[in-house]
Structures are given as C-alpha cells and as structure tokens.
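>>> here's a sequence, model it:
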Amino acid sequence: MDLTDTYGYRNEEHNDFHWGAQGILNLAREGKHYIHAADFLEGGTGWTQKNKLKYQIWLRDVMYPKVAWASRTRKNNWGVAASFSAALIAYYIMAQEQWQLTEISPTPQKMSLMEAFKSHNAYQLGRL
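Numbers count the residues shown, from 1 in each chain. Okay, here's the model as predicted:
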C-alpha cells in the first residue's frame, strides 16, 4: 500500500513526459508485478476492498497516464513494457465500469476501460 502514496515519476527539470529518466520505465516494467500480487491477495485477510480500491485509483490516476504515454510514443523496450502495463491496468480495474482512463500525452483523451485495453493490447501485438 506504500506504493499508493507515490506520484510524480518525472525528471524535476521537465514538467512533461518527454525525458530520459528511469521512472516511467520502472513503472512499466515493475508495476505489473504489483498488479499480479494484488490479484493473488484477493480474498486474503490482509487485503481489504478499501485497499484494492485505493490501489486501483492509484493505477488509474498515477500509473496509467505515464505508461500510456510510453506505450504510444516509444518503439523500444519502454513501449513494449508500457503497452503491456497499460493494457493490464485497464484489465485489472475493468470491474469499475463507470471509470475512464485519461491520457495526457501525446494526445489528451479519455477512454473506456475496454477501449484502453484493446488499444494498448493492439500496440503490444503490433510490436510482435
């Protein structure tokens, strides 16, 4: 749950996503393991519905916009990891039917969870 208290993940010198620091790549590569762990914890005594909702909100509001940017703009390992993570986030929070996912860059847009899942999954499959 400490992860949900983090935010930012950008180079302090720049106020956009177009930088070379590791933060977004780290989210894209390592964040998926936390999603899988949360899924495994489902129904356990240490993982409440309140915990799950807080984590899902963090995924939607903090992690998704960053990995979605890398999914759409990077053709290297950043894009590969980010497309998988963006699609996985959409899939993991799919039960929150009323939610939308917001992308800030490269084109500001809001998508349904299913639209985001299909879009980032298509990027991933296209890279294969």
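
>>> C-alpha only now, for contacts and for neighbours.
Fine.

>>> now the most centrally placed residue in the chain: which helix or strand?
When C-alpha atoms, centre = their mean is applied to the chain, the residue found nearest the centroid is Y64 (3.1 Å). Mapping Y64 onto the secondary structure by DSSP states H and E places it in helix 64-73.

>>> could you do K32 as well?
Applying DSSP H and E, one finds K32 within helix 23-41.

>>> how far does that helix sit from its chain's centre?
Its chain's C-alpha centre and that of helix 23-41 lie 9 Å apart, by C-alpha atoms, centre = their mean, to the nearest Å.

>>> chain center to whichever helix or strand comes after that helix, what's the gap?
Going down the chain from helix 23-41, the next helix or strand is helix 49-58, by DSSP H and E. Chain-centre distance of helix 49-58: 14 Å, with C-alpha atoms, centre = their mean.
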